[in-house]
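>>> Sequence and predicted model, in that order:
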Amino acid sequence: MTPPFVHLRLHTEYSLVDGLIRIKPLVKAVAESGMPAVALTDQSNLFALVKFYRAAMAEGIKPIVGCDVWIREGDDEPASRLTLLCKDKVGYLNLSRLISRGYQQGQHRGVPHLHRDWLTPGSCEGLIALSGAREGDVGRALLAGNRDEAADRLTQWLRLFGDGFYLELQRTERPNDERHLHAAVELASMMQVPVVATNDTRFLKSEDFEAHEVRVCIHDGRTLDDPRRSRAYSPQQYLKSPEEMAELFADIPEALENSVEIAKRCNVELQLGTYFLPT
(Lines give C-alpha, C1' and ligand atoms only; values in the text may rest on other atoms or scores of the structure.)
Protein backbone atom coordinates (compact mmCIF):
# COMPACT_ATOMS: atom_id res chain seq x y z
CA MET A 1 0.00 0.00 0.00
CA THR A 2 1.32 3.44 -0.96
CA PRO A 3 1.97 5.61 2.11
CA PRO A 4 -0.30 8.67 2.17
CA PHE A 5 1.37 11.92 1.18
CA VAL A 6 0.64 14.92 -1.05
CA HIS A 7 3.15 17.62 -1.99
CA LEU A 8 1.69 20.95 -0.87
CA ARG A 9 4.57 23.35 -1.50
CA LEU A 10 6.14 23.30 -4.94
CA HIS A 11 7.62 25.85 -7.34
CA THR A 12 7.59 25.37 -11.10
CA GLU A 13 9.49 27.19 -13.85
CA TYR A 14 6.84 29.90 -13.48
CA SER A 15 8.51 30.84 -10.20
CA LEU A 16 11.08 32.95 -11.99
CA VAL A 17 13.12 33.21 -8.78
CA ASP A 18 13.82 29.58 -7.98
CA GLY A 19 11.74 26.99 -9.81
CA LEU A 20 12.80 24.43 -12.40
CA ILE A 21 9.80 22.08 -12.70
CA ARG A 22 7.80 21.90 -15.92
CA ILE A 23 4.08 21.26 -15.68
CA LYS A 24 3.53 18.14 -17.81
CA PRO A 25 6.54 16.22 -16.47
CA LEU A 26 5.41 17.18 -12.95
CA VAL A 27 1.92 15.80 -13.37
CA LYS A 28 3.25 12.63 -15.01
CA ALA A 29 5.72 12.07 -12.14
CA VAL A 30 2.98 12.61 -9.54
CA ALA A 31 0.77 10.04 -11.27
CA GLU A 32 3.61 7.51 -11.50
CA SER A 33 4.33 7.96 -7.77
CA GLY A 34 0.75 7.08 -6.90
CA MET A 35 -0.07 10.43 -5.33
CA PRO A 36 -3.70 11.46 -5.84
CA ALA A 37 -3.09 15.23 -5.83
CA VAL A 38 -0.42 17.91 -5.92
CA ALA A 39 -0.32 21.61 -5.09
CA LEU A 40 1.30 24.26 -7.22
CA THR A 41 2.48 27.20 -5.08
CA ASP A 42 4.61 29.40 -7.31
CA GLN A 43 6.18 32.49 -5.77
CA SER A 44 3.69 35.39 -5.72
CA ASN A 45 1.86 34.32 -8.88
CA LEU A 46 -0.76 32.07 -10.46
CA PHE A 47 0.75 32.23 -13.96
CA ALA A 48 0.80 28.45 -14.44
CA LEU A 49 -2.69 27.82 -13.10
CA VAL A 50 -4.62 27.05 -16.31
CA LYS A 51 -1.85 24.90 -17.79
CA PHE A 52 -1.45 23.06 -14.49
CA TYR A 53 -5.19 22.54 -14.03
CA ARG A 54 -5.67 21.10 -17.53
CA ALA A 55 -2.63 18.80 -17.28
CA ALA A 56 -3.59 17.51 -13.84
CA MET A 57 -7.19 16.78 -14.81
CA ALA A 58 -6.02 14.96 -17.94
CA GLU A 59 -3.86 12.64 -15.79
CA GLY A 60 -6.54 12.07 -13.15
CA ILE A 61 -4.61 14.10 -10.56
CA LYS A 62 -6.39 16.55 -8.28
CA PRO A 63 -4.93 20.04 -8.80
CA ILE A 64 -4.52 22.13 -5.64
CA VAL A 65 -4.38 25.86 -6.28
CA GLY A 66 -2.03 27.89 -4.11
CA CYS A 67 0.76 30.41 -3.83
CA ASP A 68 3.84 31.21 -1.76
CA VAL A 69 3.73 34.80 -0.53
CA TRP A 70 5.97 37.16 1.41
CA ILE A 71 4.37 38.93 4.37
CA ARG A 72 5.58 42.32 5.63
CA GLU A 73 4.57 43.91 8.93
CA GLY A 74 6.76 47.00 8.78
CA ASP A 75 9.74 48.50 6.99
CA ASP A 76 12.09 47.51 9.79
CA GLU A 77 11.08 43.84 9.98
CA PRO A 78 12.22 41.19 7.49
CA ALA A 79 9.51 39.64 5.36
CA SER A 80 8.27 36.20 6.37
CA ARG A 81 6.90 33.42 4.22
CA LEU A 82 3.40 31.96 4.12
CA THR A 83 1.84 29.40 1.80
CA LEU A 84 -1.83 29.90 0.93
CA LEU A 85 -3.99 27.10 -0.54
CA CYS A 86 -7.50 27.54 -1.91
CA LYS A 87 -10.30 25.46 -0.43
CA ASP A 88 -12.96 26.69 -2.85
CA LYS A 89 -13.93 29.41 -5.33
CA VAL A 90 -14.15 32.01 -2.57
CA GLY A 91 -10.58 31.23 -1.55
CA TYR A 92 -9.39 31.36 -5.16
CA LEU A 93 -10.94 34.80 -5.65
CA ASN A 94 -9.50 36.04 -2.36
CA LEU A 95 -6.03 34.75 -3.24
CA SER A 96 -6.26 36.39 -6.67
CA ARG A 97 -7.15 39.73 -5.05
CA LEU A 98 -4.33 39.48 -2.51
CA ILE A 99 -1.71 38.66 -5.16
CA SER A 100 -2.93 41.49 -7.40
CA ARG A 101 -2.77 43.92 -4.50
CA GLY A 102 0.76 42.76 -3.75
CA TYR A 103 1.85 43.67 -7.29
CA GLN A 104 -0.02 46.97 -7.26
CA GLN A 105 0.65 48.23 -3.73
CA GLY A 106 3.16 45.92 -2.06
CA GLN A 107 6.27 46.11 -4.22
CA HIS A 108 9.47 46.16 -2.16
CA ARG A 109 12.73 46.19 -4.11
CA GLY A 110 10.88 44.80 -7.08
CA VAL A 111 9.31 41.91 -5.15
CA PRO A 112 5.55 41.84 -4.43
CA HIS A 113 4.67 41.50 -0.74
CA LEU A 114 1.42 41.28 1.19
CA HIS A 115 1.08 43.68 4.11
CA ARG A 116 0.06 41.92 7.29
CA ASP A 117 -2.95 44.18 7.83
CA TRP A 118 -4.38 43.18 4.43
CA LEU A 119 -5.06 39.75 5.89
CA THR A 120 -8.48 39.93 7.52
CA PRO A 121 -11.10 37.25 8.24
CA GLY A 122 -12.86 38.32 5.05
CA SER A 123 -9.78 38.27 2.80
CA CYS A 124 -8.68 34.90 4.23
CA GLU A 125 -12.02 33.16 3.81
CA GLY A 126 -11.72 29.97 1.78
CA LEU A 127 -7.96 29.72 2.34
CA ILE A 128 -5.71 27.27 4.19
CA ALA A 129 -2.34 28.55 5.38
CA LEU A 130 0.95 26.74 5.97
CA SER A 131 3.29 28.53 8.37
CA GLY A 132 6.33 28.79 6.10
CA ALA A 133 8.46 26.50 8.32
CA ARG A 134 11.72 28.18 9.38
CA GLU A 135 11.07 31.12 7.04
CA GLY A 136 7.70 31.97 8.57
CA ASP A 137 7.27 34.41 11.44
CA VAL A 138 6.41 31.63 13.89
CA GLY A 139 9.44 29.62 12.78
CA ARG A 140 11.81 32.54 13.06
CA ALA A 141 10.60 33.30 16.57
CA LEU A 142 11.14 29.66 17.53
CA LEU A 143 14.67 29.64 16.10
CA ALA A 144 15.43 32.83 18.01
CA GLY A 145 14.37 31.09 21.22
CA ASN A 146 11.33 33.36 21.68
CA ARG A 147 8.65 30.76 22.35
CA ASP A 148 6.24 33.31 23.83
CA GLU A 149 6.48 35.45 20.70
CA ALA A 150 6.02 32.36 18.55
CA ALA A 151 2.88 31.46 20.51
CA ASP A 152 1.54 35.01 20.15
CA ARG A 153 2.10 35.01 16.40
CA LEU A 154 0.54 31.57 16.09
CA THR A 155 -2.50 32.80 18.03
CA GLN A 156 -2.87 35.68 15.57
CA TRP A 157 -2.84 33.29 12.61
CA LEU A 158 -5.36 31.00 14.29
CA ARG A 159 -7.73 33.95 14.67
CA LEU A 160 -7.57 34.45 10.91
CA PHE A 161 -7.54 30.87 9.64
CA GLY A 162 -8.94 28.80 12.52
CA ASP A 163 -8.51 25.09 11.80
CA GLY A 164 -7.10 26.04 8.40
CA PHE A 165 -3.68 26.94 9.80
CA TYR A 166 -0.92 24.32 9.94
CA LEU A 167 2.60 24.45 11.33
CA GLU A 168 4.85 23.37 8.47
CA LEU A 169 7.68 20.87 8.99
CA GLN A 170 10.61 20.26 6.63
CA ARG A 171 13.62 17.95 6.50
CA THR A 172 15.61 19.10 3.49
CA GLU A 173 19.05 19.03 5.14
CA ARG A 174 19.22 22.82 5.21
CA PRO A 175 20.51 24.70 8.27
CA ASN A 176 18.04 24.81 11.18
CA ASP A 177 15.47 22.50 9.56
CA GLU A 178 15.69 19.95 12.37
CA ARG A 179 15.97 22.53 15.15
CA HIS A 180 12.86 24.28 13.85
CA LEU A 181 11.00 20.98 13.47
CA HIS A 182 11.45 19.95 17.10
CA ALA A 183 10.51 23.41 18.39
CA ALA A 184 7.45 23.53 16.12
CA VAL A 185 6.25 20.08 17.17
CA GLU A 186 6.57 21.11 20.80
CA LEU A 187 4.60 24.31 20.16
CA ALA A 188 1.98 22.42 18.17
CA SER A 189 1.50 19.97 21.03
CA MET A 190 1.23 22.77 23.56
CA MET A 191 -1.35 24.75 21.54
CA GLN A 192 -3.15 21.80 19.91
CA VAL A 193 -2.35 22.94 16.36
CA PRO A 194 -1.92 20.46 13.48
CA VAL A 195 1.42 19.98 11.71
CA VAL A 196 2.06 19.11 8.07
CA ALA A 197 5.14 17.92 6.19
CA THR A 198 6.35 19.57 2.99
CA ASN A 199 9.53 19.20 0.96
CA ASP A 200 9.65 22.77 -0.41
CA THR A 201 10.07 21.19 -3.85
CA ARG A 202 12.02 23.02 -6.59
CA PHE A 203 12.98 20.29 -9.10
CA LEU A 204 11.89 16.79 -10.08
CA LYS A 205 15.08 14.80 -9.44
CA SER A 206 18.02 15.31 -7.08
CA GLU A 207 20.43 15.43 -10.03
CA ASP A 208 18.61 18.58 -11.23
CA PHE A 209 20.06 20.53 -8.29
CA GLU A 210 23.02 21.99 -10.20
CA ALA A 211 20.77 23.19 -13.03
CA HIS A 212 18.51 24.75 -10.43
CA GLU A 213 21.49 26.57 -8.88
CA VAL A 214 22.35 27.96 -12.31
CA ARG A 215 18.85 29.36 -12.62
CA VAL A 216 19.05 30.96 -9.17
CA CYS A 217 22.42 32.51 -10.08
CA ILE A 218 21.00 33.94 -13.30
CA HIS A 219 18.17 35.54 -11.34
CA ASP A 220 20.51 36.90 -8.66
CA GLY A 221 23.18 38.07 -11.08
CA ARG A 222 25.83 35.81 -9.53
CA THR A 223 28.14 33.06 -10.74
CA LEU A 224 28.24 29.53 -9.36
CA ASP A 225 31.70 29.99 -7.86
CA ASP A 226 30.88 33.36 -6.27
CA PRO A 227 31.62 32.95 -2.54
CA ARG A 228 29.15 35.75 -1.75
CA ARG A 229 26.15 34.12 -3.38
CA SER A 230 23.31 32.79 -1.28
CA ARG A 231 23.10 29.02 -0.91
CA ALA A 232 19.52 28.69 0.25
CA TYR A 233 18.69 25.33 -1.34
CA SER A 234 19.73 21.70 -1.05
CA PRO A 235 19.75 18.65 -3.37
CA GLN A 236 16.96 17.19 -1.20
CA GLN A 237 14.33 19.57 -2.57
CA TYR A 238 13.18 17.24 -5.31
CA LEU A 239 9.79 15.59 -5.87
CA LYS A 240 10.18 12.83 -3.31
CA SER A 241 7.92 9.79 -3.49
CA PRO A 242 5.39 9.01 -0.75
CA GLU A 243 7.68 6.19 0.37
CA GLU A 244 10.64 8.56 0.75
CA MET A 245 8.55 11.07 2.69
CA ALA A 246 7.15 8.28 4.88
CA GLU A 247 10.68 7.22 5.78
CA LEU A 248 11.72 10.83 6.39
CA PHE A 249 8.79 11.52 8.74
CA ALA A 250 8.36 8.06 10.24
CA ASP A 251 8.43 9.63 13.71
CA ILE A 252 5.67 12.16 12.87
CA PRO A 253 3.10 10.23 10.79
CA GLU A 254 0.37 12.81 11.42
CA ALA A 255 2.43 15.34 9.43
CA LEU A 256 2.05 13.07 6.39
CA GLU A 257 -1.61 12.27 7.03
CA ASN A 258 -2.44 15.96 7.30
CA SER A 259 -1.03 16.59 3.82
CA VAL A 260 -3.74 14.26 2.49
CA GLU A 261 -6.42 15.82 4.69
CA ILE A 262 -5.53 19.27 3.36
CA ALA A 263 -5.73 17.94 -0.20
CA LYS A 264 -9.23 16.64 0.54
CA ARG A 265 -10.27 20.09 1.80
CA CYS A 266 -9.08 21.89 -1.35
CA ASN A 267 -11.67 21.74 -4.12
CA VAL A 268 -11.39 24.48 -6.74
CA GLU A 269 -13.14 23.98 -10.06
CA LEU A 270 -12.17 26.29 -12.91
CA GLN A 271 -14.59 27.12 -15.70
CA LEU A 272 -12.43 26.98 -18.80
CA GLY A 273 -13.35 27.70 -22.40
CA THR A 274 -15.58 30.68 -21.53
CA TYR A 275 -14.61 34.33 -22.01
CA PHE A 276 -15.34 36.71 -19.16
CA LEU A 277 -15.04 40.24 -20.45
CA PRO A 278 -14.79 43.22 -18.07
CA THR A 279 -17.89 45.36 -17.63
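Nice, thanks for sending it over.

>>> contacts, neighbours, all on C-alpha from now
Fine.

>>> and the strand ranked longest in the chain, what other elements does it pack with?
Longest strand in the chain, counting residues (DSSP state E): strand 62-72. The contact analysis (3 or more C-alpha pairs under 8 Å, 6 or more residues apart in numbering; DSSP states H and E) places strand 62-72 against strand 37-40, helix 49-58, strand 80-86, strand 114-115.

>>> Try it again at 6 Å.
With contacts taken as 3 or more C-alpha pairs under 6 Å, 6 or more residues apart in numbering; DSSP states H and E, strand 62-72 sits against strand 37-40, strand 80-86, strand 114-115.

>>> contact partners of that strand?
If you take C-alpha atoms under 6 Å, 6 or more residues apart in numbering as the criterion, strand 62-72 is touched by 37-44, 53, 56, 79-86, 113-116.

>>> Now tell me what touches the helix of greatest length in the chain from outside.
Secondary structure of the chain per DSSP state H: the longest helix is helix 89-105. Helix 89-105 has contacts (C-alpha under 6 Å, 6+ apart) with 86, 112-114, 123, 125-127, 268.

>>> okay, the helices and strands packed on strand 62-72 in CSV with distance to Asp220 and mean neighbour count next?
Formatted as CSV, the helices and strands packed on strand 62-72 follow (distance: least, C-alpha to C-alpha, whole Å; neighbours: other C-alpha atoms under 10 Å):
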stretch, distance to Asp220, mean neighbour count
strand 37-40, 23, 24
strand 80-86, 19, 25
strand 114-115, 22, 22
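
>>> any idea which helix or strand comes after the helix-or-strand element of the chain with minimal mean pLDDT?
Least confident helix or strand, the chain: helix 209-220 with a mean of 83, by mean pLDDT, DSSP states H and E. Next helix or strand after helix 209-220 toward the C-terminus (DSSP states H and E): helix 242-248.

>>> Return the distance of that next one from the chain's centre.
In terms of C-alpha atoms, centre = their mean, to the nearest Å, the centre of helix 242-248 is set 19 Å apart from its chain centre.

>>> Which positions in that helix come out as buried?
Neighbour-count burial for helix 242-248, counted by 16 or more other C-alpha atoms under 10 Å, picks out 242, 245-246, 248.

>>> In a strand, Leu256, correct?
No. Read with DSSP: H, G, I helix; E, B strand; the rest coil, Leu256 is helix and lies in no strand.

>>> count of neighbours near it?
Using other C-alpha atoms under 10 Å, Leu256 has 25 other residues around it.

>>> Arg222 too?
Arg222 - counted by other C-alpha under 10 Å - has 16 other residues nearby.

>>> Poorly predicted segments of the stretch 1-150 of the chain, please.
For the stretch 1-150 of the chain, residues meeting the criterion pLDDT under 70 lie at 1-3.

>>> what do you get if the cut-off is 90, keeping everything else the same?
Along the stretch 1-150 of the chain, the model assigns pLDDT under 90 to residues 1-3, 16-19, 73-78, 108-110.

>>> and of the helices and strands packed on strand 62-72, who's closest to Arg228?
Set against Arg228 and scored by C-alpha to C-alpha, the helices and strands packed on strand 62-72 come closest in strand 80-86, at 22.4 Å.

>>> Tell me the helices and strands packed up against that closest one.
Using 3+ C-alpha pairs under 6 Å, 6+ apart, the elements in contact with strand 80-86 are strand 62-72, strand 127-130.

>>> so it versus helix 89-105, what angle?
Interaxial angle, strand 80-86 versus helix 89-105 (axes from the mean of the first three to the mean of the last three C-alpha atoms, to 10 degrees): 140 degrees.

>>> Asp163: which of the helices and strands packed on strand 62-72 is closest?
strand 80-86 (13.3 Å).

>>> who does the closest one pair up with?
For strand 80-86, the paired strands and their directions (DSSP bridges) are strand 62-72 (antiparallel), strand 127-130 (antiparallel).

>>> circling back to that earlier point, which of the residues in the least confident helix or strand of the chain are classified as buried?
For helix 209-220, by 16+ other C-alpha under 10 Å, it's 209, 212-213, 215-217.
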